[in-house]
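Asks: structure for the following, please:
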Amino acid sequence: MSGLLGHRGLLMGSGGGSASYLDGITPTPRAVHSLRKLISTATTAIRVRRSSDNAEQDIGFTGDALDTAALASFVGANSAYVTTFYDQTGNGYPKTQATAANQPRIVNAGVYDGMLVYDGSNDSMATPTLPFGTSFIGLYLNAVLPQVSGTKVYYESTSNYTGGPGRFIVFEDSSQLQISFRTPIPSYWTRTYSYNPPALEQVSLLLQT
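Replies: Numbering: from 1, shown residues only. Predicted coordinates:
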């Protein structure tokens, strides 16, 4: 789960529709992680750690946008890193990273990055308890791709590519975005969807498990 990721994404159940907020669609999303307010009742977006003293603070919203004024006031001229990316739905599926060296950055020496910036090496966040739907996996991904050779993992349902049936992984291989999905046959990945993206890639998927 390393690489550069504009972390304005969500994992959700099957279905679709349009609404002012995502809790207005049916069925409602299983989990939502975003720097924008996407659930009408959400009050906090992220928890950050500042580099000067490792103090932490929750950052919420101003209207539907991240409260960058509160972020700037807390961080000052320091850098800041995200320890928790809250699940706006209230279902209790936040993304977390307890290891300071592996936390994505959101402020660089007092300058707001505008997204979660992963170092492409060991930065990652995980939601260990997030369950998939019984019939579908839905993913919306808005990612800034580094456009380099080699493999960068963006999302995976396990830490080692080899979890049980019904797992999936989103990764970049030689500047191509790939989504691989495994059915209950445990010996290999049975479906792969590949994209040749520009610098900014937006992908919407609904995969049947």
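Asks: helix, strand or coil for Val107?
Replies: strand (DSSP: H, G, I helix; E, B strand; the rest coil).
Asks: in this structure it contacts Ala80, no?
Replies: Yes: counting by C-beta atoms under 8 Å, Val107 touches Ala80, with 3.8 Å between them. Every C-beta, even on glycine, is put in place using the N, C-alpha and C of the backbone.
Asks: what values do phi and psi take at Ser121?
Replies: phi -120, psi -70 (degrees, to the nearest 10).
Asks: against Lys152, how distant is it?
Replies: Going from Ser121 to Lys152 by C-beta to C-beta, to the nearest Å gives 10 Å.
Asks: looking at the two, which one has more neighbours?
Replies: Using other C-beta atoms under 10 Å as the criterion, Ser121 and Lys152 rank with Lys152 on top: 22 against 11.
Asks: so where's this protein uncertain?
Replies: Scanning the chain with the threshold set as pLDDT under 70 gives 1-19, 131-150, 158-167, 174-175, 181-193, 195-209.
Asks: so what's in contact with Val107 and Ala80 at the same time?
Replies: Common contacts of Val107 and Ala80 (C-beta atoms under 8 Å, 6 or more residues apart in numbering): Val48, Arg50, Leu71.
Asks: list just the nearest of these to Thr96.
Replies: Checking those against Thr96 with C-beta to C-beta, the nearest one is Val48 at 12.6 Å.
Asks: what strands line up against the helix or strand where that closest one lies, and which way round?
Replies: In the assignment (DSSP states H and E), Val48 maps to strand 44-50. Note on strand 44-50: by DSSP bridges, its sheet partners are strand 56-62 (antiparallel), strand 80-85 (antiparallel).
Asks: so Ala72 lies in a helix, does it not?
Replies: Yes: checked against three-state DSSP, Ala72 lies within a helix.
Asks: wait, what's in contact with it?
Replies: Val107, Gly110, Tyr112.
Asks: could you do Thr96 as well?
Replies: Taking C-beta under 8 Å, 6+ apart, one finds Thr83, Thr84, Phe85, Met125, Ala126, Thr127 in contact with Thr96.
Asks: which one of these is nearest Asn102?
Replies: Among the contacts of Thr96, Met125 lies closest to Asn102 (C-beta to C-beta), at 8.5 Å.
Asks: that closest one and Lys95 touch, don't they?
Replies: Yes: with contact defined as C-beta under 8 Å, Met125 reaches Lys95; the gap is 3.9 Å.
Asks: which of the two has more residues huddled nearby?
Replies: Neighbour totals were compared for Met125 and Lys95, and Lys95 leads with 24 against 21 (other C-beta under 10 Å).
Asks: give the buried residues for stretch 35-45.
Replies: Judged by neighbour count using 16 or more other C-beta atoms under 10 Å, the buried positions of stretch 35-45 are Leu35, Lys37, Leu38, Ile39, Ala42, Ala45.
Asks: what's the farthest-apart pair in those?
Replies: Of all the pairs that these form, the one spanning the most space (C-beta to C-beta) is Leu35 and Ile39, at 13.0 Å.
Asks: show me where the protein has its helices.
Replies: 68-75 (DSSP state H).
Asks: sorry, back to before: by neighbours, which of the contacts of Ala72 wins?
Replies: Val107 leads those on contacts (other C-beta under 10 Å) with 25 neighbours.
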